[in-house]
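Undergrad: return atomic coordinates for the entry below.
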Amino acid sequence: MSEPTGTPAGPGQLKTLAVRITEDLRAQLDIVAQLTGRSATEEIRLALEHWIEKTKADPVILKKAQAVRAEIERKAQTERAAIAAIFGGNADQKSEGKAAVSNSQTGTRRGKPAGE
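TA: Predicted coordinates for the structure are as follows:
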């Protein structure tokens, strides 16, 4: 089930996944692939897509996903508040200002003016 992709995986791009299965399961997979005219890799991909769709419709999983999402939002809000407390609410403008000051100090080395 190893297929080199040659490019980094992103949305819509394929990424290799190694899965260990028993000989019996592999034999069954090969027969199903032969009967459908698809590769074993394609059969596995289709099975995973079907399983994920089924799982997404499971009410227990949906409830857990909502709890995880709420926890992510709570942590993000806490981190945003911490950044606002440190940087006065607008970290982007302050970091841009520091970059401008740093860029204007050309000719310096380790905080020493040029020529020292």
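Undergrad: for the chain, give me the ranges with low pLDDT.
TA: Scanning the chain for pLDDT under 70 picks out 1-10, 89-116.
Undergrad: name the single longest helix found in it.
TA: What stands out as the longest helix in the chain, according to DSSP state H, is helix 59-87.
Undergrad: show me what that one is packed up against.
TA: If contacts are counted by 3 or more C-beta pairs under 8 Å, 6 or more residues apart in numbering; DSSP states H and E, helix 59-87 sits against helix 91-104. C-beta here means a position set from N, CA and C on the backbone, and glycine is covered the same way.
Undergrad: mind doing that once more with 6 Å?
TA: Contacting helix 59-87 under the criterion 3 or more C-beta pairs under 6 Å, 6 or more residues apart in numbering; DSSP states H and E is no other helix or strand.
Undergrad: what's around P11, how many residues?
TA: When neighbours are defined as other C-beta atoms under 10 Å, P11 has 4 of them.
Undergrad: oops, could you answer that again for A65 instead?
TA: Look at A65: counted by other C-beta under 10 Å, it has 13 neighbours.
Undergrad: how much space separates it from A40?
TA: The gap separating A65 from A40 is 31 Å, by C-beta to C-beta, to the nearest Å.
Undergrad: same check on R74?
TA: Separation of R74 from A40 (C-beta to C-beta): 43 Å.
Undergrad: so for those two, which residue has more residues nearby?
TA: Each of R74 and A40 has its neighbours counted (other C-beta under 10 Å); A40 has more, 15 against 10.
Undergrad: using PDB, list the CA coordinates for stretch 19-36.
TA: Extracted C-alpha coordinates of stretch 19-36, given in PDB (Å, rounded to 0.1, in the frame of the first residue of the first chain):
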ATOM      1  CA  VAL A  19      -1.500  -0.300   7.300                       C
ATOM      2  CA  ARG A  20      -0.700  -3.700   8.800                       C
ATOM      3  CA  ILE A  21      -3.400  -6.400   8.100                       C
ATOM      4  CA  THR A  22      -3.600 -10.100   8.400                       C
ATOM      5  CA  GLU A  23      -2.900 -12.400   5.500                       C
ATOM      6  CA  ASP A  24      -6.500 -13.500   5.400                       C
ATOM      7  CA  LEU A  25      -7.800  -9.900   5.200                       C
ATOM      8  CA  ARG A  26      -5.200  -9.100   2.500                       C
ATOM      9  CA  ALA A  27      -6.400 -12.200   0.500                       C
ATOM     10  CA  GLN A  28     -10.000 -11.000   0.800                       C
ATOM     11  CA  LEU A  29      -9.000  -7.500  -0.200                       C
ATOM     12  CA  ASP A  30      -7.200  -8.800  -3.200                       C
ATOM     13  CA  ILE A  31     -10.300 -10.800  -4.300                       C
ATOM     14  CA  VAL A  32     -12.600  -7.900  -3.900                       C
ATOM     15  CA  ALA A  33     -10.200  -5.700  -5.900                       C
ATOM     16  CA  GLN A  34     -10.000  -8.300  -8.600                       C
ATOM     17  CA  LEU A  35     -13.800  -8.600  -8.700                       C
ATOM     18  CA  THR A  36     -14.400  -4.900  -8.900                       C
END
